[in-house]
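> need a structure here:
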Amino acid sequence: MRNLFWLFGLHLCFCWGWTQEKEVLPPYYIKTVSFIQNGLNKVPVFQLGDEFQLQFDDLHGSEDNYYYRITHCDYDWKPSQLTINEYLNGFNDQRIIEYTNSLNCLQIYSHYRIGFPNKFTQIKVSGNYMISILNEDREVVFSRKFVLYENLVSVPVQVKRARRNEDAPHKHNLDFAVRSGSITFQSPLQNVKVMLLQNGKFNNAKTNIRPMFTVGNDLIYKYDAETQFWGGNEYLFLENKIIQAANNSIARIDTNGGLYNCYLYTNEARGNKPYTFWPDKNGNFMVNNVNAANSEIEADYAWVYFSLSAPAFFANKNIYITGMFNNFALNDEYKMEYNEKKKIYEKAVMIKQGFTNYSYTIADSRGIIDEENALDGNFFETENDYMVLVYYRENNQRYDRVIGKGIASSVDIIN
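Okay, the predicted model is just below:
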């Protein structure tokens, strides 16, 4: 019997060690989760040792107690073999002590802020990380991915048009290399891995791409299909930094129900229309109340009413409103509903005041995104930001380091 219990416990440990860490979506009352550096929202990729913050709002506004837990992960987002004291100086499961209540807002909320490094927690090694926010019962309220990298290699990146004629009008292709004067790569085909990100989105990242060939200690990636992304279209936007006023993105405003209601002009699906240049922030957002001294706690929330004119043929698929403001989440809170009477899709979403990029995303019930049939089309002219993260695990090393980062923009696309 004792042996059976031992085997059962070993099985549990084995399963836990190989379970992939997945982001837990926040509940309806947690809003505006963002990574901040130098006062701006950032894609959560930071150099090891740099300062950054995680911020979020709790619409309960009751100063609830929250705690944070940091988990180090391997390249594939499974918990690494490192113990906590190998990747952290200090303590895990710490209470968030910095929070402030909203001021002069119709929607009350408590604003929470965690800065890293702090006096309780300093992160020691590079790699993939998951930060989980816990309630008083130590239940996970939500979690978010972030990456810390070391600047040990150079990663020159070039955005090119796709080589196949049928793909050229719609896709971007990344050519890049990994170069280092300080690291002699051991078994680079097995030990070096990369992750390619488009506009900072983890949900369509390209992974498990080996170097095509090596030149000395340089690793060269010149693939076609393996490193291609659908170009998409420029993001749409709404701006309500003056929340009482309509503008060229907001048709009208009212306060029925006790909160601000912003009714946007109806968007039309752009997939069958020519590409039109439209400056955007590649999905980012900025909290802003122009009449406030501190927008973090003085920017109000509004119900934003989205409407979309598009064909009603998505019998087995759903349309979601996505952007960095909701971490590109595909859940019921952001799923649009078809209005048979008006022949349009509609959805009301509570969003914090400021400037917000958004897009309409098609996905099936499993959350698999249909990028090929994007509502707003795919155009090689679209301006996107791309990032290449380089991971390296030496022989007998127990975790995946992130040893470098390369960035490029499709503004500089070449044939």
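> quick one: residues contacting the residue nearest to Phe176 when sequence neighbours are not counted.
Distances taken as Cβ to Cβ, 6 or more residues apart in numbering place Val157 nearest to Phe176, at 4.3 Å, with adjacent residues excluded. C-betas here are computed from N, CA, C, even on glycine. Going by Cβ atoms under 8 Å, 6 or more residues apart in numbering, Val157 touches Leu174, Asp175, Phe176, Tyr386, Val388, Gly406, Ile407, Ala408.
> tell me which of these is nearest to Asn217?
Using Cβ to Cβ, Phe176 is the member of the contacts of Val157 that lies nearest Asn217, at 15.5 Å.
> give the helix, strand or coil label for Arg252.
Three-state assignment for Arg252 (DSSP: H, G, I helix; E, B strand; the rest coil): strand.
> I meant to write Glu333 there.
helix.
> number of residues surrounding it?
16 (other Cβ atoms under 10 Å).
> next one: the one 5 residues further on
For Tyr338, the neighbour count with other Cβ under 10 Å is 14.
> what secondary structure does it sit in?
strand.
> show the pLDDT at Asn415.
Here, the pLDDT recorded for Asn415 equals 87.
> now do the same end-to-end measure for stretch 350-370.
Stretch 350-370 has an end-to-end distance of 25 Å (criterion: Cα to Cα, to the nearest Å).
> so which bits of that stretch are buried?
350-363, 369 (16 or more other Cβ atoms under 10 Å).
> show me where pLDDT drops low in this protein?
1-18, 312-315 (pLDDT under 70).
> now do the contacts for the closest residue to Thr266 other than its chain neighbours.
In this structure, Thr266 finds its nearest non-sequential neighbour in Ser307, 4.3 Å apart by Cβ to Cβ, 6+ apart. Applying Cβ under 8 Å, 6+ apart to Ser307 gives the contacts Leu264, Thr266, Asn267, Lys342, Ile344, Tyr345, Glu346.
> show me what Ser307 is bridged to.
Glu346 (DSSP bridges).
> Ala374 versus that one, what's the distance?
As judged by Cβ to Cβ, to the nearest Å, Ser307 and Ala374 stand 18 Å apart.
> ditto for Phe142
27 Å.
> who's more crowded, these two?
Relative neighbour count places Ala374 above the other of Phe142 and Ala374, with 22 against 18, counting by other Cβ under 10 Å.
> just the strands in the stretch 201-350 of the chain please.
Counting by DSSP state E, counting those that start in this stretch, the stretch 201-350 of the chain has strands at residues 201-206, 213-215, 218-221, 228-230, 236-239, 250-254, 260-264, 267-268, 285-287, 301-309, 317-322, 337-339, 344-352.
> who touches the fourth one?
Applying Cβ under 8 Å, 6+ apart, the set of residues contacting strand 228-230 from outside is 162, 167, 170-174, 196, 198, 204, 206, 371-372, 374, 378, 384, 386.
> what number of residues lie near Tyr28?
Tyr28: 10 neighbours (other Cβ under 10 Å).
> quick one on the thing from earlier: of the contacts of Ser307 - the most surrounded one?
Going by other Cβ under 10 Å, Tyr345 tops the contacts of Ser307 with 25 neighbours.
> now the strands: where do they sit in the stretch 51-200 of the chain?
52-58, 67-73, 88-90, 94-95, 99-101, 110-116, 121-123, 127-134, 140-149, 157-161, 171-178, 192-198.
> and the ones you listed: which comes nearest Leu330?
strand 140-149 (14.9 Å).
> partner strands of that closest one, with direction?
According to DSSP bridges, strand 140-149 forms sheet pairs with strand 45-47 (parallel), strand 127-134 (antiparallel).
> run the chain-centre distance for the shortest one.
When distances are taken as Cα atoms, centre = their mean, to the nearest Å, strand 45-47 is centred 14 Å away from the chain's centroid.
> what comes up buried for that strand?
In strand 45-47, counting by 16+ other Cβ under 10 Å, buried: Val45, Phe46.
> sorry, back to before: just the buried ones from the contacts of strand 228-230, in PyMOL syntax?
Buried residues within the contacts of strand 228-230, by 16+ other Cβ under 10 Å, are selected in PyMOL with:
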select buried, resi 162+167+170+171+172+173+174+196+198+206+371+374+378+384+386
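> got CSV for the strands of the stretch 201-350 of the chain, with distance to Asp50 too?
Listed next are the strands of the stretch 201-350 of the chain as CSV, based on distance: least, Cβ to Cβ, whole Å:
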stretch, distance to Asp50
strand 201-206, 20
strand 213-215, 31
strand 218-221, 26
strand 228-230, 27
strand 236-239, 29
strand 250-254, 36
strand 260-264, 36
strand 267-268, 37
strand 285-287, 21
strand 301-309, 30
strand 317-322, 28
strand 337-339, 42
strand 344-352, 25
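> so for Arg401, which of these sits nearest?
strand 218-221 (15.2 Å).
> adjacent strands (with direction) for that closest one?
With DSSP bridges as the test, strand 218-221 pairs up with strand 171-178 (antiparallel), strand 213-215 (antiparallel).
> out of these, which gets nearest to Pro311?
strand 171-178 (23.4 Å).
> could you give the angle of that closest one to strand 192-198?
150 degrees (axes from the mean of the first three to the mean of the last three Cα atoms, to 10 degrees).
> CA atoms only for strand 171-178, dumped as PDB, please.
C-alpha atoms of strand 171-178 as PDB (Å, rounded to 0.1, in the frame of the first residue of the first chain):
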ATOM      1  CA  LYS A 171       1.800  38.200 -45.800                       C
ATOM      2  CA  HIS A 172       5.000  39.400 -44.200                       C
ATOM      3  CA  ASN A 173       8.100  37.200 -43.900                       C
ATOM      4  CA  LEU A 174      10.900  37.600 -41.400                       C
ATOM      5  CA  ASP A 175      14.500  37.000 -42.300                       C
ATOM      6  CA  PHE A 176      16.900  37.200 -39.300                       C
ATOM      7  CA  ALA A 177      20.100  35.900 -37.800                       C
ATOM      8  CA  VAL A 178      21.600  35.300 -34.400                       C
END
